[in-house]
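Peer 1: No sequence on hand, only this structure:
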């Protein structure tokens, strides 16, 4: 398959995955509030899908690609795990040195309008950062040339984007945004994914030897988001069991997709 075709597929797949954030935000147009239990369960599901994608669709294929390229298992492990470490450190640095707010935004009735605007834009930046490794992962997956595995990864990322869009939209409603504006902003947070997808698939298609490192990097970035962002947020409000149930279902969903499509 020609490089241009692979790049196009990678971009379109990451665009479709990003648009699932829009799909997830649709309920905010019709209802005003969802229960914290439901929100934590769906975010737990998203974390399970991302964990499964990190291992089944990124780390394991990365090791396989490395073995084919270098035929040295020690070098293969070093390349993929080194990429993973850089992925963790890269997203940590972005989180550490950029404005950041966690998923759960508590309503502050005594805030000024200016403070509310500032908080919501910090929140949007945080969600954009969160979507970077997801788009990168989809693009890198297609850059590897294994369409079955790449499609499974894109579907998995798309599925877990829906509850994220839901959480973002309803968080915006709690601080006074209209239903329509909350929907538009939540939808916009997912559009950063195709940008990263295009970058990821373009780089690894042109520079194939870095594919194992790139797969490791994408996996590390996603693992950091799972541990640092999503799981802590699902355990803050006393719904740990529901969040763990959602996490388990998400992990099994991604495993099933990988087996059936990979």
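Peer 2: It's in. These numbers were taken from a predicted model, which means no experiment stands behind them.
Peer 1: And the closest residue to residue 58 other than its chain neighbours, which helix or strand is it part of?
Peer 2: Using C-beta to C-beta, 6 or more residues apart in numbering and skipping residues adjacent in sequence, the residue nearest residue 58 is residue 219, 3.9 Å away. All C-beta atoms are positioned from the backbone trio N, CA, C, and that covers glycine. For residue 219, the element it lies in under DSSP states H and E is helix 211-225.
Peer 1: Counting by contacts, list what that helix packs against.
Peer 2: helix 36-54, helix 60-70, helix 73-97, helix 113-143, helix 192-206 (3 or more C-beta pairs under 8 Å, 6 or more residues apart in numbering; DSSP states H and E).
Peer 1: With respect to burial, which of those scores highest?
Peer 2: helix 36-54 (a mean of 24; mean count of other C-beta atoms under 10 Å).
Peer 1: Can you check what angle separates that helix from helix 73-97?
Peer 2: With axes from the mean of the first three to the mean of the last three C-alpha atoms, to 10 degrees as the basis, helix 36-54 and helix 73-97 are set at 150 degrees to each other.
Peer 1: So residue 91 versus residue 196, what's the distance?
Peer 2: As judged by C-beta to C-beta, to the nearest Å, residue 91 and residue 196 stand 12 Å apart.
Peer 1: which neighbours do the two share?
Peer 2: Jointly contacting residue 91 and residue 196 under the rule C-beta atoms under 8 Å, 6 or more residues apart in numbering are 132-133.
Peer 1: from what I can see the residue nearest to residue 58 touches residue 51, true?
Peer 2: No: in this structure residue 219 lies outside contact range of residue 51 using C-beta atoms under 8 Å: 9.8 Å.
Peer 1: what's the overlap in contacts for those two?
Peer 2: Common contact partners of residue 219 and residue 51 (C-beta under 8 Å, 6+ apart): none.
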